[in-house]
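In: turn this into a structure:
(chains A, B, C and D)
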Number of protein chains: 2
Amino acid sequence: MTKNTTKAGKRDKLVEAAVALAYRQGYRKTTLADIAEESGVPLGNVYYYFKTKDAIGDAILEVRESQWAALRDRLAALPGPRERLTDYVDMTIRNASNVATYGCPMGSLSAELLKGGGDLATRSNALFAGPIDYMAEQFRALGHAAEAEDLALHLQSALQGASLMAQSFRDPDVLKREGDRLKVWIAGL
Amino acid sequence: MTKNTTKAGKRDKLVEAAVALAYRQGYRKTTLADIAEESGVPLGNVYYYFKTKDAIGDAILEVRESQWAALRDRLAALPGPRERLTDYVDMTIRNASNVATYGCPMGSLSAELLKGGGDLATRSNALFAGPIDYMAEQFRALGHAAEAEDLALHLQSALQGASLMAQSFRDPDVLKREGDRLKVWIAGL
DNA sequence: GTCTATACGGCGATAGAC
DNA sequence: GTCTATCGCCGTATAGAC
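Out: Numbering: from 1, shown residues only, chains lettered A, B, ... in the order given. As a prediction, the model looks like this:
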């Protein structure tokens, strides 16, 4: 148990550094030396925890997925589906400043991995699949069973587009405006 | 003149290859050797036309901008603003198959360069500025002067989000559905 | 202007002492 | 489990003959 805790401690530091650096400068640009330095772990020791760089990419995806799981649990505590949908939008708006600088944590990672090809590209669609499935559930609860999947896709799509525009123009307000539009849309459904 | 034509011939081949490769596999992943091979130009000779790799990135941006200029001229030939807006959406839909595989030619490039940092990141927002300005003009002509910029941003944003979703799920139909939604929206304005 | 050969640095990955 | 040293490759860029 002590051994596992220690091991998880260093591994976690590495993953945390990898997530942060990949978000700020991109996965491909981030070197193992960067990750080692940021996490205070000697370069050679990284390979005890991860056999390849792609294994770190996998761990990054896991973190992003677990972050969604945590958010989903928080949304579940809200009174109804409309509140959950609205809060999902609000969460993105609250993060607008980061998004305008580095892009959407899910979207920018997904876009990069998709271009990279390989196993990580294939796995990356799980990032959107989770939220979309959950949002479709909420639309169903709102009585839009037939078009629930479409509505959920539209919501995620709109947030991604707005995030890219906000990043491109380096203007958080762009994301806020599109977010407000989405909240009006949700309120009217 | 002959000299210029010859020079432009090889330069054009290099740029064409660079645009295609950067679209298919990403700018960063594309090496000068890749570009040299694809265009049939020896590696060492590339540096006669481009001092650095970033200079090629610049040329790629120029190509994308000139492609927008060509599209804008074609849209100008249409009878009215509503037709221009609708056709812009249709153009993306027509390219759905490529978008689902490689992403939006503008969006995926923009996203990658934005993460890369440096001069190319700064320059990349020109990709969206052109279309958005033009679309805002069309919305103004439709009598939405006050919110024209907002509407144009929304249109571009929606297309970008839909493109990313289509790429992520490798499904052109996703883009078609969101495109249809946008066309209905335009028709109702 | 063109092309071959190569320098130079950086990155992923490994060896092996401790 | 940890860490230093280093290998081997690849990518950008340059030298210099033609």
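In: tell me, how many neighbours does the residue in chain A that DNA strand D sits nearest to end up with?
Out: Residue of chain A nearest DNA strand D, by C-beta to the nearest atom of the strand: A:G44 (1.8 Å). Every residue, glycine included, has its C-beta placed from N, CA and C. For A:G44, the count of nearby residues is 9 (other C-beta atoms under 10 Å in any protein chain shown).
In: nearest residue to the residue of chain A found nearest chain B other than its sequence neighbours?
Out: Nearest residue of chain A to chain B: A:G161, at 2.8 Å (C-beta to the nearest C-beta). Nearest non-adjacent residue to A:G161, counting by C-beta to C-beta, 6 or more residues apart in numbering or on different chains: B:G161, 2.8 Å away.
In: where's that neighbour relative to A:K13, distance?
Out: Distance from B:G161 to A:K13, counting by C-beta to C-beta, to the nearest Å: 34 Å.
In: looking at the two, which has the bigger crowd around it?
Out: Legend: neighbour count by other C-beta under 10 Å for B:G161 and A:K13, higher for B:G161 (28 against 16).
In: surely that one meets A:L155?
Out: No: using C-beta atoms under 8 Å as the test, B:G161 is too far from A:L155 to be in contact (9.6 Å).
In: ok, stretch A:24-34 near chain B or not?
Out: Yes: contact of stretch A:24-34 with chain B (C-beta under 8 Å from any C-beta of the partner chain) involves A:25-26, A:28-29.
In: can you give me the mean pLDDT across stretch A:90-106?
Out: Per-residue pLDDT over stretch A:90-106 has a mean of 98.
In: my read is that A:T86 contacts A:I186, right?
Out: Yes: counting by C-beta under 8 Å, A:T86 touches A:I186, with 5.6 Å between them.
In: circling back to that earlier point, the residue of chain A closest to DNA strand D: which element?
Out: According to DSSP states H and E, A:G44 maps onto helix A:43-49.
In: near DNA strand C, which residues of chain A show up?
Out: Proximity of chain A to DNA strand C (C-beta under 7 Å from any atom of the strand) is limited to residues A:30-33, A:43-44, A:47, A:51-54.
In: rerun at 10 Å
Out: A:27-36, A:42-48, A:50-57 (C-beta under 10 Å from any atom of the strand).
In: selection in PyMOL covering whichever of those are buried, please.
Out: Selecting the buried subset of these in PyMOL, with 16 or more other C-beta atoms under 10 Å in any protein chain shown as the burial test, is done by:
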select buried, chain A and resi 27+28+30+32+35+36+46+50+53+56+57
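In: just checking, what packs against the helix or strand A:I35 falls within?
Out: Assigned by DSSP H and E, A:I35 belongs to helix A:32-39. Helix A:32-39 sits against helix A:2-25, helix A:43-49, helix A:53-76, with contacts defined as 3 or more C-beta pairs under 8 Å, 6 or more residues apart in numbering or on different chains; DSSP states H and E.
In: hmm, that helix in reach of DNA strand D?
Out: Yes: using C-beta under 10 Å from any atom of the strand, helix A:32-39 reaches DNA strand D at A:32-33, A:36.
In: that helix versus helix A:2-25: what angle between them?
Out: Using axes from the mean of the first three to the mean of the last three C-alpha atoms, to 10 degrees, one finds that helix A:32-39 and helix A:2-25 are set 110 degrees apart in direction.
In: ok, residues contacting helix A:32-39?
Out: A:10, A:13-14, A:16-18, A:20-21, A:42-43, A:45-46, A:53, A:56 (C-beta atoms under 8 Å, 6 or more residues apart in numbering or on different chains).
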